[in-house]
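Peer 1: Take this sequence and fold it.
(one chain, ligands or ions: 1)
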Amino acid sequence: MSRLPAFAAPADGRLTPEMLAAYEAAGVVVLKGFADPKACKTLRDHTLALVERDAPAAPASVFSTTSNVQLTDDYFERSAANISFFFEEEATETGPKAARLNKMGHAMHDLDPVFDAFSRNEKLATAAASLGFADPRIVQSMYIFKPPGIGGEVVCHQDSTYLYTEPGSCVGFWFAIDDADEENGAMAFIPGAHKGPLRQLNARGADGKLATRVIDETPFDSVPVLAPAQRGDLVIFHGRAPHMSAANRSARPRHAYTLHMVDGAARWPAENWLQRPDDLPFRGF
Ligand code: FE2
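Peer 2: You can find the predicted model right below:
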């Protein structure tokens, strides 16, 4: 698989015209060394401590993009406003928890001081402003484990399917916490395809249940390009950028931390899965 070009991260976070042009053309830009690797290691150690303390010993909920079992799950919906743990579909009933988890989410950035500090800083605020955010709101955080051997495949999708605003404003910020490459399930993108339509929308129906429906039949027909990353690298991608990652069949974990931002001026539908109570509103920096 060919690879996306990468830039050395700007020291102050402000994307240069070349970086912005790459983002606009491809819907994704890779910034090498954006975060301090030591801060990534601190976040990793902290997460493992949270897992040991708080994650259930046996699966309370499974997260899979192939079967979408979580979409009918109250535990999933409640995770909009707490810190929840989702197991891999192939997880065994016993063994180290971090080696069986798919992800932790979705409100660490608002509820945990270590995640808050990693997620809210001047450099990231500057990056968001340079991308055109007038009123950025961090709507969710996810720590992704992609454990050795069983880290599940993530099928090609667009994040605006799940984080929909009018007009569209969702942007993903993906930090490599471990090195990610072709062997352990690095992200891959279809460059330029964010200029096309949103294909699917996940929304709450009249019955109150979440369902994903096709809103545009246009296939994702181009060849994906790999975005390998090392600890501290940041991949910024458009909410309509189609992306995916292969299963991790290697012996190495592939931890990553993702934030999603939307613009406060855009409408956030009541039909979106992610709803916050009045005492925990979406916040910016
Ligand atoms: Fe995604």
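
Peer 1: List the buried residues for the worst-scoring helix or strand of the chain on mean pLDDT?
Peer 2: Between all helices and strands in the chain, the lowest mean by mean pLDDT, DSSP states H and E belongs to helix 74-78, at a mean of 89. Neighbour-count burial for helix 74-78 flags 76, 77 (criterion: 16 or more other C-beta atoms under 10 Å). All C-beta spots, glycine's among them, are computed from the backbone N, C-alpha and C.

Peer 1: got it, and stretch 250-262?
Peer 2: 250, 252, 253, 254, 255, 256, 257, 258, 259, 260, 261, 262.

Peer 1: Over to stretch 266-279?
Peer 2: By neighbour count on 16+ other C-beta under 10 Å, the buried set for stretch 266-279 is 268, 272, 273, 274, 276.

Peer 1: Any chance of TSV for these, columns distance to residue 25, secondary structure and pLDDT?
Peer 2: Compiled in TSV, the buried residues of stretch 266-279 are given as follows (distance: C-beta to C-beta, whole Å; DSSP: H, G, I helix; E, B strand; the rest coil; pLDDT from 0 to 100):
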residue	distance to residue 25	secondary structure	pLDDT
268	28	coil	98
272	29	coil	97
273	31	coil	96
274	29	coil	97
276	34	coil	98
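
Peer 1: how about CSV for these, with distance to residue 120 added?
Peer 2: Shown next, in CSV, are the buried residues of stretch 266-279 (distance: C-beta to C-beta, whole Å):
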residue, distance to residue 120
268, 20
272, 22
273, 23
274, 19
276, 17
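
Peer 1: between those residues, which is closest to residue 48?
Peer 2: residue 274 (25.5 Å; C-beta to C-beta).

Peer 1: these two touch, right, that closest one and residue 138?
Peer 2: No. Look at residue 274 against residue 138 with C-beta atoms under 8 Å: they stay out of range, at 11.6 Å.

Peer 1: Tell me where the stretch 151-285 of the chain is predicted with low confidence.
Peer 2: Across the stretch 151-285 of the chain, nothing is flagged by pLDDT under 70.

Peer 1: show me where it has strands.
Peer 2: 154-157, 171-176, 187-189, 200-204, 210-214, 225-227, 234-238, 243-245, 256-263 (DSSP state E, counting those that start in this stretch).
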